[in-house]
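S.K.: Got a sequence here, can you model it:
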Amino acid sequence: TLLLIDQTALVQALGLTLVHSLWQGALLLAVLLLVWPKLRSARIRYLLAYTTLCSITLLAASTFVWVFEPANSVANQAPEPGYLPSFLPAIEASPVLKTTTFSPEPWYPLLVGLWVVGLVFFLLKLGGGMLYLGRMRRTALVVGDNSWQRRVDELAQQLSLSRPVLLLESALVHTPLTLGFLKPLILMPVGLINQLSASEVEAILAHELAHIARRDWLFNLFQAFMETLFYYHPAVWWLSDRIRAERENCCDDVAVALSGNPLMYAK
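M.R.: Residues are numbered from 1 along each chain as shown. Got it, this is the predicted structure:
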C-alpha cells in the first residue's frame, strides 16, 4: 500500500511540476525579452539566456520538492474499493464526475506518462549523440603538418589554456568543432586546412580554442540535459537556440581579437 500511495503522490507532484513549469518558464522568458533589445554584448546575452534556462530548471525542481507529499500516515490502510494500483486513476473516483469545476488532477497520470515516453526518447537521442562523438574521437587522424599543432599550442597559451589541445582531422565532420573537457581536441574536416590561407586557418583555430577556454563543451552538455527534461517547453527551445547563437558570437569576438582582422574573419 505504501508503494502505491507514494507512486500516486509522485505522479501528482510530477504533474503539478509539469503544469507549473509552463507558466514559470513563460514568465522568466517574458522578463528576459523585456531587456533583450537593450543588450549589446554577446557575452551578457549569453549569460542571461543561460541563467534563465537554469532558473527554469531550478524553479521546476523547487516546485516538485514543495508539492511532493507522500502519504506515509495512511500506509497501513487497506485500499479503497475501486482503487486501481496503476498510473490510471479509478474512473468512479474521478473528480470530473463529481464536480463541474475543471481540475487538471485527473489528467496528471496521462500527462506524466506522455512526458516519460518523450523523456526516454530524448535521453536515447542524447546518448546516441554522445556515442557518435566518441566514434569521431576514435576515428580522427593527426594533421599531417606538425606546424599547425605548434600554432594551436601558441594560440592556447595566448588564451591561458592550461590543458593541451590536440588538433585532428576527421572524415565524419563537415565543419570545425571541439570535443572533450578534460582532454579537449579540435576536429577539422579532412583537407580543409589545405583549402584555406594560413590566416584563415588561424582564425578558425582561435574560434575553436575560445570554445575550449570558455568550457563550452561542458556547458553545452548541461544545456542538452535541460533540453531533454523540458523538451515540451517552447520557452526552453527558444532559449537554447539563442544560447547557441550567442555562444558562437562570443567565440567570434575572441577570434577577431586574436586575429586582429575582422574582415578576413568574416570571410
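S.K.: surely Tyr265 meets Ala203?
M.R.: Yes - taking C-beta atoms under 8 Å as the definition, Tyr265 is a contact partner of Ala203 at 4.7 Å. From N, CA and C alone the C-beta is placed, and that goes for glycine too.
S.K.: tell me, what's touching these two both at once?
M.R.: Residues touching both Tyr265 and Ala203 (C-beta atoms under 8 Å, 6 or more residues apart in numbering): Ala255, Ser259.
S.K.: Between the two, tell me which one has more neighbours.
M.R.: Ala203 (23 against 20; other C-beta atoms under 10 Å).
S.K.: Off-centre distance for stretch 212-229?
M.R.: Chain-centre distance of stretch 212-229: 5 Å, with C-alpha atoms, centre = their mean, to the nearest Å.
S.K.: pLDDT (mean, whole number) over it?
M.R.: For stretch 212-229, mean pLDDT is 95.
S.K.: likewise stretch 44-64?
M.R.: Here the average pLDDT along stretch 44-64 is 97.
S.K.: Now do the buried residues in the strand or helix carrying Asp252.
M.R.: Applying DSSP states H and E as the criterion places Asp252 in helix 234-259. By neighbour count on 16 or more other C-beta atoms under 10 Å, the buried set for helix 234-259 is 235-236, 238-240, 242-243, 246-248, 250-252, 254-256, 258-259.
S.K.: repeat for stretch 135-149
M.R.: Neighbour-count burial for stretch 135-149, counted by 16+ other C-beta under 10 Å, picks out Met136, Arg137, Ala140, Val143, Trp148, Gln149.
S.K.: tell me which strands and helices the helix or strand just after the helix holding Asp252 is in contact with?
M.R.: Once helix 234-259 ends, the next helix or strand along the chain (criterion: DSSP H and E) is helix 262-266. With contacts taken as 3 or more C-beta pairs under 8 Å, 6 or more residues apart in numbering; DSSP states H and E, helix 262-266 sits against helix 198-213, helix 234-259.
S.K.: buried set for helix 262-266?
M.R.: Tyr265.
S.K.: From the chain's centroid, how far away is that helix?
M.R.: 30 Å.
S.K.: how far off helix 234-259 does the top helix by length along the chain point, in degrees?
M.R.: In the chain, with assignment by DSSP state H, the single longest helix is helix 2-35. Angle of helix 2-35 versus helix 234-259, following axes from the mean of the first three to the mean of the last three C-alpha atoms, to 10 degrees, is 50 degrees.
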